[in-house]
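**Q** please work out how this folds:
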Amino acid sequence: MAKKRLQKLFAVFLAVCMLTGILPTAALAASDVVQYGDKDAAQEATGVTADKTVRDNGDGTYTITLSVKGTSSQSTTTTDLPADVVLVIDSSGSMADRVDYDRTTCGKKLEEKLSMV
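**A** Residues are numbered from 1 along each chain as shown. This next block holds a predicted model:
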């Protein structure tokens, strides 16, 4: 009897965890944080610019540099603002294919590959 009660309690706990995980994160964000629709609007409003470069090291590795610059002013308060940075690395090799097909050819190739599945 105690084992079934513990299982039910654990199931309820997991359900609450799953529901919490699917909540929109914007609902949990601080209300005084300004969100910008695009990079240009954010740069104009804040004066912050970002630059990224990728350098081929010649040995199969790459050096990725992300530089963020902005203006500063003296202040006795510190404000932590969120920054969204996403780095996606595709090591599958699929990006090495040449992309010189027109849309019709690409559609036919995709159809061929999907029909094999």
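**Q** and the strands in this protein, which stretches?
**A** Under the criterion DSSP state E, the chain carries strands at the ranges 49-56, 62-69.
**Q** those: which one's closest to Tyr36?
**A** When those are ranked by proximity to Tyr36, the top entry is strand 49-56, at 12.6 Å, counting by C-beta to C-beta. Heads up, the C-betas are built off the backbone N, CA and C, glycines and all.
**Q** need the residue closest to the centroid of this structure.
**A** The geometric centre of the chain, computed from its C-alpha atoms, lies nearest to Val86 (C-alpha atoms, centre = their mean), at 4.1 Å.
**Q** which helix of the chain spans the most residues?
**A** Taking DSSP state H as the assignment, the helix of the chain that covers the most residues is helix 2-21.
**Q** how far off centre is that helix?
**A** Relative to the centre of its chain, helix 2-21 is centred 30 Å away, using C-alpha atoms, centre = their mean, to the nearest Å.
**Q** tally of neighbours for Ala42?
**A** Here the neighbour count serves as a burial measure; for Ala42 (other C-beta atoms under 10 Å) it reads 16.
**Q** give the contact list for it.
**A** In this structure, Ala42 makes contact with Tyr36, Val48, judged by C-beta atoms under 8 Å, 6 or more residues apart in numbering.
**Q** again, but for the one 10 residues further on
**A** Taking C-beta under 8 Å, 6+ apart as the definition of contact, the neighbours of Lys52 are Ile64, Thr65, Leu66, Ser67.
**Q** out of these, which two sit at the greatest distance?
**A** Checked with C-beta to C-beta, the contacts of Lys52 reach their widest spread between Ile64 and Ser67, with 10.9 Å between them.
**Q** possible to save the strands of the chain as a markdown table with distance to Asp90 and mean pLDDT?
**A** Formatted as a markdown table, the entries for these read as follows, by distance: least, C-beta to C-beta, whole Å; pLDDT from 0 to 100:
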| stretch | distance to Asp90 | mean pLDDT |
| --- | --- | --- |
| strand 49-56 | 13 | 85 |
| strand 62-69 | 12 | 86 |
